[in-house]
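Colleague: fold the following.
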Amino acid sequence: MPLDAGDPGYGSVPAAPVHGLPGTVGVTETAPLLIPEPELEPVTRWQPLSMEELELAAGGPGWRKFRSRLVLLFWLTWLAILGTAVAIIIKSPKPVATPLKWWQKSLFYQLQPPMFIASEGPVDINDICEQFPYLKSLGIGVLILSDMFDKKASPANLNVTDENVGTIPQIQHLLMECHKADLKVVLDLCELDLLGPGLAAGNVEEHALKFWLDQGVTGFAICDTDAVYSEKTLLRWRDLMKKYTTNEDEERIVVVKQMGDVLLPLNTSEHTNVTLVHMVIRSILQSTNHLLSPQEVAVSIETHLQTSEDIWPSWTVGGKTSHDLKKLLLVLMMTLPGSPAIQYGEGIGEVQGKVIEAGSIALFTSLSHYRSREETLLYGTLKFLPFNSSSLSNSTFPPSPTSILAFLRSWGCVHFLVLLNLGSEPRELDPTWLPILPEGGVFVTSTEMDRSGAIDLAVVKLRPHEAIVIKLFEAGSYS
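Modeller: Numbering: from 1, shown residues only. Just a heads-up that it's a prediction; the model follows:
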């Protein structure tokens, strides 16, 4: 009997799917031959928001107004702060510096060529010229050449030099070498009879001055005891200097050496506002034949510094004192208001032949450096501080002389405290100073060049014959 006879569905059994076999009957017949790939999601394209959408995202129009007002408030506050700061700066008291002339900022070096040139052997002006670059490196800007002329020379031709110096061509060579080293030269005519018999009514001496001005001389120095120290002569000299002045840095000057304790006055009734001389060289110590004691040095310093004139001062040691005080006086000269005039063999150390003490050179160089860059030492006011007093005096100078001197150079919020112990005993600072002075400062220099770094004023102790310079700062200031 045939198995497939009759109804086709009779006896038929569907094939069971066999899992895992790709060609299984019943699976391949009902499933698609190709499996379609999944459809990709639609890509969202970014577009800029409209104004309405932006306002909606930012919180609405009200939030926009708030932000605008907030920005406006920020700038108004910033401008108010800036205006307040400018007003504080304008209203705050501040020192106003008067522009200084070149001779007010320069260091003067008084040199006597006959003393400089070796006593043995032939005279050679080059011995001096070789030192010019070295002097310039120390900070010296002007040379005052003394004893260059024969004191009996005729004023009609001031070209007769001292026999120990050399000839006119040699002096001209010296001036040329000074110019190469960027050193100005002032010729010292002190004690020369420029207005000899029969010449007082004329101006013959002007021809001699013109000769040296043409050689590049910057100026001339006279004594207040000379015959040329008169209103009539100095007025002619002033006009002559103006003719040779091309700019402020090349201005020709007239310097007066003050021989006594008080500068001899000039009769300037008709020329009250005319400056007949530019600078006056004053001595710190009185002139004596013996060495001054520390007490005499202190008295002499106070006496000479109390003399104030309208003419720009220049300081030199002048008197005689012990070797222990020479460095101390150098510190004093370099820290006083005015232009120091260092004497050869006196201010830069003791000289044995041509060997200069190295310690004094280091001290001089340090002081020269600070003086050239510190406005306080150029423009600052001077106030003395008294020792051993119950309260500080408002006067400029101490009430009574002692072997200890101290003063402040002040400019704005910066102060330089200069301490001088002329005695042979150690000394401490007066405790009455501490309330009005800053608590500390920084050592600038000292006579032995062995102090440095920050210092508390309460513990400062001066050694015998020592001078100290300390830079102080007011609280909250930085300089």
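Colleague: dump the residue contacts of the residue nearest to Leu264 when sequence neighbours are not counted.
Modeller: Excluding its sequence neighbours, the residue lying closest to Leu264 (CB to CB, 6 or more residues apart in numbering) is Asp224, at 4.6 Å. C-betas here are computed from N, CA, C, even on glycine. Contacts for Asp224 (CB atoms under 8 Å, 6 or more residues apart in numbering) come out as 256-260, 263-264.
Colleague: for Ile470, same thing?
Modeller: So Ile470 contacts 416-417, 419, 441-444, 455, 457, 460 (CB under 8 Å, 6+ apart).
Colleague: next up, phi/psi of the residue nearest to Leu264, please.
Modeller: Reported as degrees, to the nearest 10, the phi and psi values for Asp224 are phi -70, psi 0.
Colleague: and after the top helix by length along the chain, which helix or strand comes next?
Modeller: Under DSSP state H, the helix in the chain containing the largest number of residues is helix 61-91. Once the chain leaves helix 61-91, the next helix or strand it forms, by DSSP states H and E, is helix 102-105.
Colleague: which neighbouring elements make contact with that following helix?
Modeller: Applying 3 or more CB pairs under 8 Å, 6 or more residues apart in numbering; DSSP states H and E, one finds that helix 102-105 makes contact with strand 339-343.
Colleague: list the helices and strands the strand it packs on packs on?
Modeller: helix 102-105, strand 108-111, strand 312-316, helix 326-335.
Colleague: chain center to it, what's the gap?
Modeller: 17 Å (CA atoms, centre = their mean, to the nearest Å).
Colleague: same thing with stretch 180-200?
Modeller: 32 Å.
Colleague: cool, and stretch 250-267?
Modeller: The answer for stretch 250-267 is 27 Å, by CA atoms, centre = their mean.
Colleague: mind listing residues that contact that stretch?
Modeller: Contacts of stretch 250-267 (CB under 8 Å, 6+ apart): 101-103, 144, 186, 190, 213, 217-225, 229-231, 234, 237-238, 241, 244-245, 276-283, 286, 303-304, 307, 309, 311, 314.
Colleague: check which residues of it are buried.
Modeller: Within stretch 250-267, the residues that count as buried by 16 or more other CB atoms under 10 Å are 251-259, 263, 266.
Colleague: do stretch 208-219 as well
Modeller: Within stretch 208-219, judged by 16+ other CB under 10 Å, the buried ones are 208-209, 212-213, 215, 217-219.
Colleague: which two of those residues have the greatest separation?
Modeller: Using CB to CB, the buried residues of stretch 208-219 span at most 16.1 Å, a distance reached by Ala208 and Thr218.
Colleague: surely Val297 and Asn421 touch.
Modeller: No. Val297 lies out of contact with Asn421 (CB atoms under 8 Å); the separation is 11.5 Å.
Colleague: roughly how far apart are Glu466 and Val299?
Modeller: 20 Å (CB to CB, to the nearest Å).
Colleague: these two: which has the busier surroundings?
Modeller: Neighbours were counted for Glu466 and for Val299 using other CB atoms under 10 Å; Glu466 has more, 23 against 17.
Colleague: phi and psi next, for the more buried one.
Modeller: For Glu466, the backbone dihedrals (degrees, to the nearest 10) come out as phi -120, psi 140.
Colleague: could you check how far Glu248 is from Trp103?
Modeller: 11 Å.
Colleague: those two: who's more crowded?
Modeller: When Glu248 and Trp103 are compared for neighbours, Trp103 comes out ahead with 21 against 9, by other CB under 10 Å.
Colleague: enumerate every residue touching the more buried one.
Modeller: 142, 219, 251, 253, 278-279, 312, 339.
Colleague: okay, and which of those map to strands?
Modeller: In this view, the contacts of Trp103 that belong to strands under DSSP state E are 142, 219, 253, 279, 312, 339.
Colleague: quick one on the thing from earlier: and the longest helix of the chain, how far from the chain's centre?
Modeller: Counting by CA atoms, centre = their mean, helix 61-91 comes out at 40 Å from the chain centroid.
Colleague: show me what contacts the nearest residue to Phe443 once chain neighbours are set aside?
Modeller: Using CB to CB, 6+ apart and skipping the chain neighbours, the partner closest in space to Phe443 is Arg451 (4.4 Å). Contacts for Arg451 (CB under 8 Å, 6+ apart) come out as 443, 445, 468.
Colleague: just to be sure, the first one is in a strand?
Modeller: Meaning Phe443. Yes. Counting by DSSP: H, G, I helix; E, B strand; the rest coil, Phe443 is part of a strand.
Colleague: does it really touch Asp456, like I thought?
Modeller: No. Assessed by CB under 8 Å, Phe443 is found out of contact with Asp456, at 11.6 Å.
Colleague: who has more neighbours, the two?
Modeller: The residue with more neighbours, out of Phe443 and Asp456, is Phe443; 16 against 9, by other CB under 10 Å.
Colleague: so how far is Lys105 from the more buried one?
Modeller: Counting by CB to CB - Phe443 and Lys105 are separated by 24 Å.
Colleague: one step back: can you pick out the most distant pair from the buried residues of stretch 250-267?
Modeller: Farthest pair in the buried residues of stretch 250-267, by CB to CB: Glu251 and Met259, 25.3 Å.
Colleague: which parts of this protein are helices?
Modeller: 51-57, 61-91, 102-105, 113-116, 126-129, 132-137, 168-180, 204-214, 231-243, 294-305, 326-335, 358-373, 375-379.
Colleague: check contacts around Leu434.
Modeller: 457-458.
Colleague: now it: how far from Gly440?
Modeller: Going from Leu434 to Gly440 by CB to CB gives 11 Å.
Colleague: now stretch 70-87: mean pLDDT?
Modeller: Mean pLDDT, computed over stretch 70-87, is 90.
Colleague: most tightly surrounded among the helices of the chain?
Modeller: helix 326-335 (a mean of 23; mean count of other CB atoms under 10 Å).
Colleague: hmm, who's touching that helix?
Modeller: 284-285, 297, 301, 315-317, 321, 340, 342, 346-350, 359-360, 363-364, 367-368, 371, 377, 409, 416, 418, 420-422, 445, 447, 465-467, 469.
Colleague: if we use 7 Å, what do you get?
Modeller: If you take CB atoms under 7 Å, 6 or more residues apart in numbering as the criterion, helix 326-335 is touched by 284, 315, 317, 321, 340, 347, 360, 363-364, 367, 371, 377, 409, 416, 418, 420, 422, 447, 465, 467, 469.
Colleague: list the contacts of the closest residue to Asp324 other than its chain neighbours.
Modeller: With sequence-adjacent residues excluded and distances taken as CB to CB, 6+ apart, Asp324 is closest to His465, at 4.2 Å. Contact analysis of His465 by CB under 7 Å, 6+ apart lists 324-325, 328, 421-422.
Colleague: do you know how far His465 is from Lys327?
Modeller: 8 Å.
Colleague: and what of Ile89?
Modeller: According to CB to CB, Ile89 stands 42 Å off from Lys327.
Colleague: need the contact list for the nearest residue to Ser424 once chain neighbours are set aside.
Modeller: Leaving aside its chain neighbours, Ser424 sits nearest to Pro464 (4.7 Å; criterion: CB to CB, 6+ apart). By CB under 7 Å, 6+ apart, the contact list for Pro464 reads 421, 423-426.
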